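Asker: Have a look at this prediction, sequence included:
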There are 2 protein chains.
Amino acid sequence: MAAFLKSELETLGASVEYYYPGEQEPGLELPPILLGRYGNDPAKRTILVYGHYDVQPASIGDGWGTEPFELTVDEKGRMFGRGSTDDKGPVLGWLNVIEAHQKVGLELPVNLLMCFEGMEESGSEGLEDLIKKEAKGFYKDTDAVCISDNYWLGTTKPCLTYGLRGCSYYQITVSGPGQDLHSGVYGGAVTEPMTDLTNIMTTLVDNKGKLLIDGIYDQVAPLTEEERERYQSIDFGIETFYEALGSETVCTDDAQETLMRRWRFPSLSLHGIEGAYSSAGAKTVIPAKVIGKFSIRTVPNMELSKVTELVTAHVNKVAKSLNTNNTITVGLIHDGKWWIADPNHWNFRAAAKATEQVWGVKPDLTREGGSIPITLTFEEETGKNVLLLPMGTSTDQPHSINEKLDKKNYIQGTKLLGSYLHFVAEEKAE
Amino acid sequence: MAAFLKSELETLGASVEYYYPGEQEPGLELPPILLGRYGNDPAKRTILVYGHYDVQPASIGDGWGTEPFELTVDEKGRMFGRGSTDDKGPVLGWLNVIEAHQKVGLELPVNLLMCFEGMEESGSEGLEDLIKKEAKGFYKDTDAVCISDNYWLGTTKPCLTYGLRGCSYYQITVSGPGQDLHSGVYGGAVTEPMTDLTNIMTTLVDNKGKLLIDGIYDQVAPLTEEERERYQSIDFGIETFYEALGSETVCTDDAQETLMRRWRFPSLSLHGIEGAYSSAGAKTVIPAKVIGKFSIRTVPNMELSKVTELVTAHVNKVAKSLNTNNTITVGLIHDGKWWIADPNHWNFRAAAKATEQVWGVKPDLTREGGSIPITLTFEEETGKNVLLLPMGTSTDQPHSINEKLDKKNYIQGTKLLGSYLHFVAEEKAE
């Protein structure tokens, strides 16, 4: 796929080099990252675009309606195929833009820098190092970044995405006996680690989604009036959310508050327990060592180190209050920072104008609840504004069976990417 | 093994028939249960003895010091081999008793009925039906029952066992969304089933082992003075318990109270959660449906149906207080009743006298925290007193690698079984 993409780009006149990030394991080379350039006019702005040529695994046996690695278009114009929307369609969009300009004899109004990787579905292994290395090298001319690798909020209205939550993932370890015990033989006489662990886990969050860790909300940026208005105008109904959930088990039935809870407020989820009995049926075990997993989705202006400090203090305080003889520790497994861009930046203004031109509607300004760590890396390393400009819709089913991209979104989306390059070439930096 | 045992018994002059309990799965016959009789003198008492000829799996690759299916005796007289103590040694003990009587020309003072099964390590499949069917048939002459299939409390003092706790196993199911959700995308906006479940689980028991379910202790028989004294005389130190646990994480450091907590008071253990994330590492999932598992060890005079009623009422009350929109149900997976025998019964008095004769010491009167469901079935179906008369010690490692039976316990234990038959033949029924 790397070779195909390199060859396509070179046919279009782009220069492309492979960057090999190294081995995933001894003897297994990671796929190359493509560093591309099209145009080198110092008078033009330079836009760095990112995409990925790898896809999730797929097999017709998983339940696909069509062969996942043959593009199949149905009568509704749905283009089924693995990677159609995530992320081969959007990557091809950029290539189509170059080709279309050549065919109508129009010069591209910007220089394009490209970063196309092949490990996105496996944690973008090697990419961060490349960006850190080349931000001031191959990518040094970057004026703004555009990533087309997410989705509309619904099916009818395009959007620009300017924020992502971070994620700080923790584990609480409670250990007591030297090995798992039979609950018949020992139950009642030993301090059971599971009892301590569940007692701590319940003190972290309530079932309305409120974090119960002292001081955590002090770090959350207050909601501004401009922000509140932005949410009011977003095209999103609670019924759509019920449909996505498959239930109505929500913390609020207010659609706009739901979006804010997903995008701009922190949340805490209890993921599970390692070391306890987790299979179907019944086992009479007293687990000797149990590890509770939870994570906090972080938002501006939460400081990651401060979050970990508050979590640690909270767990230690509760652990002490339990007056237990088990050993309790809490630790961070990993954290990744939230990302927020200025949606009034010229990069976003250009994308909004392009959207109005192509789709005839002002785009929603959205955020997402999940993290795309590489977004933040692009911003931090280049120091430039990063825009997420999605092509597909919420019904595309990336990562699932029957992934698709609507033909309309592919064609209009390609026009949008092209139009964006024209607007971004001209938009005043104020 | 069934054929070997049948042949050995027949060589000794016992009559033996196979009972086939049926198929475990289509095409897979369950191993036969051996129904044996030795002696048929209406003037003598008839003792029903139970044992099993199946063993746990074993392979030298599991870490055994010797080939598990070759009996290997070391210089300390430890007879290593799978089944040595659980339960081939004790079963052979009964055969040795018959053989020894024949060799010295002594008549056995009782009639022996035998029940030797081959599925004990797999839930005694088919045995309960056989006992229910034959208690008033093949086993109708039974005056008392003796089972040698448990262990001494320690390594120095023999014991007679007169009680076992029951086990009522429950699950609490909390379900909300139609499928697992990404915590980044949905966290904060949905009522998470894990939050509700951990909140309920923490209300069941505290970390000192106290059950928090209303009314549960009203069902527990009060401790009598006789009982308290019985515990005082038992040879058991807290250090032994620490050693078995591999830690000092106990609810009390009083040895006798520890025994009571394990044997004669109820306990509640939280075993784990099905449906939540349970592996190593980090996964940012909001589990859609989680099933919390816990069980209560029951003791006299708890009524199983009442226990389930109290548990259900408690969980429903807590669930209601959570004011959740998730669906919460609680259900019984299985229950088995506790068992208690009268340790002053002639069957026990005979065994105590035999112990004093063979070992030179009064046996401890012990109970066990776990359940051996078939014990209760023998009692209920025959209506006779059941005695647990162990041969091996607490260090025998049944079910583990390097299972052994000490030669001393095998020889003295065989003598004990023989001596027991003489005392039980004569002990006044008062």
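Answerer: Good, I have the coordinates.
Asker: Okay, domains of chain A per the record?
Answerer: A:2-164+A:339-426, A:166-220+A:265-336 (automatic domain parsing).
Asker: for the last one, how far is the first residue from the last?
Answerer: What it means is domain A:166-220+A:265-336. 5 Å (CA to CA, to the nearest Å).
Asker: can you check the first one too?
Answerer: In domain A:2-164+A:339-426, first residue to last residue: 33 Å (CA to CA).
Asker: Now that domain: average pLDDT?
Answerer: Mean pLDDT, domain A:2-164+A:339-426: 96.
Asker: Would you verify that A:Tyr162 is located in a helix?
Answerer: No. Going by DSSP: H, G, I helix; E, B strand; the rest coil, the assignment for A:Tyr162 is strand, not a helix.
Asker: Kindly provide the distance from it to chain B.
Answerer: Separation of A:Tyr162 from chain B (CB to the nearest CB, to the nearest Å) stands at 16 Å. (Each C-beta comes from the backbone N, C-alpha and C, glycine too.)
Asker: show me where pLDDT drops low in the stretch 151-300 of chain A?
Answerer: Judged by pLDDT under 70, the stretch 151-300 of chain A has no weakly predicted residues.
Asker: all helices of it, in order?
Answerer: Remark: helices assigned in the stretch 151-300 of chain A by DSSP state H, counting those that start in this stretch are A:183-186, A:193-201, A:225-232, A:238-245, A:255-263.
Asker: which of the domains of chain A is buried the deepest?
Answerer: Ranked by mean neighbour count, the domains of chain A are led by domain A:166-220+A:265-336 with a mean of 21 (mean count of other CB atoms under 10 Å in any protein chain shown).
Asker: How about the residue in the stretch 1-150 of chain A positioned nearest to chain B: what's its closest non-neighbour residue?
Answerer: Nearest residue of the stretch 1-150 of chain A to chain B (CB to the nearest CB) works out as A:Asn150 at 10.9 Å. Spatial nearest neighbour of A:Asn150, chain neighbours left out: A:Pro390 (4.6 Å); criterion: CB to CB, 6 or more residues apart in numbering or on different chains.
Asker: doesn't the one you found fall inside a strand?
Answerer: No. A:Pro390: not assigned to a strand; according to three-state DSSP it is coil.
Asker: Could you pull up the residues touching it?
Answerer: A:90, A:148-152, A:158-159, A:161 (CB atoms under 8 Å, 6 or more residues apart in numbering or on different chains).
Asker: what's the answer for A:Cys251, then?
Answerer: A:208-209, A:258, A:261, B:188-191.
Asker: close enough to count as contact, A:Val97 and A:Gly413?
Answerer: No. Using CB atoms under 8 Å, A:Val97 makes no contact with A:Gly413, being 10.3 Å away.
Asker: before we move on, back to that, and the residue nearest to A:Asn150, how far is that from A:Leu153?
Answerer: Computed with CB to CB, to the nearest Å, the distance linking A:Pro390 and A:Leu153 is 9 Å.
Asker: Overlap in contacts, those two.
Answerer: Common contacts of A:Pro390 and A:Leu153 (CB under 8 Å, 6+ apart): A:Cys159.
Asker: who touches the closest residue to A:Trp346 other than its chain neighbours in this structure?
Answerer: Using CB to CB, 6+ apart and skipping residues adjacent in sequence, the residue nearest A:Trp346 is A:Glu427, 4.2 Å away. Contacts for A:Glu427 (CB under 8 Å, 6+ apart) come out as A:346-347, A:349-350, A:353.
Asker: what are the phi and psi angles of A:Glu427?
Answerer: As for A:Glu427, its main-chain torsions (degrees, to the nearest 10) stand at phi -60, psi 130.
Asker: gap between it and A:Leu108?
Answerer: A:Glu427 is 16 Å from A:Leu108, by CB to CB.
Asker: so what does the longest helix belonging to chain A touch, helix or strand wise?
Answerer: Secondary structure of chain A per DSSP state H: the longest helix is helix A:407-426. Judged by 3 or more CB pairs under 8 Å, 6 or more residues apart in numbering or on different chains; DSSP states H and E, the packing partners of helix A:407-426 are strand A:78-80, helix A:89-103, strand A:144-147, helix A:346-359.
Asker: Nearest to A:Val386, out of these?
Answerer: A:Val386 sits nearest to strand A:144-147 of all the helices and strands packed on helix A:407-426, at 4.3 Å, using CB to CB.
Asker: near chain B, which residues of the stretch 301-430 of chain A show up?
Answerer: Counting by CB under 8 Å from any CB of the partner chain, the stretch 301-430 of chain A comes close to chain B at A:322-326, A:333-334, A:368-371.
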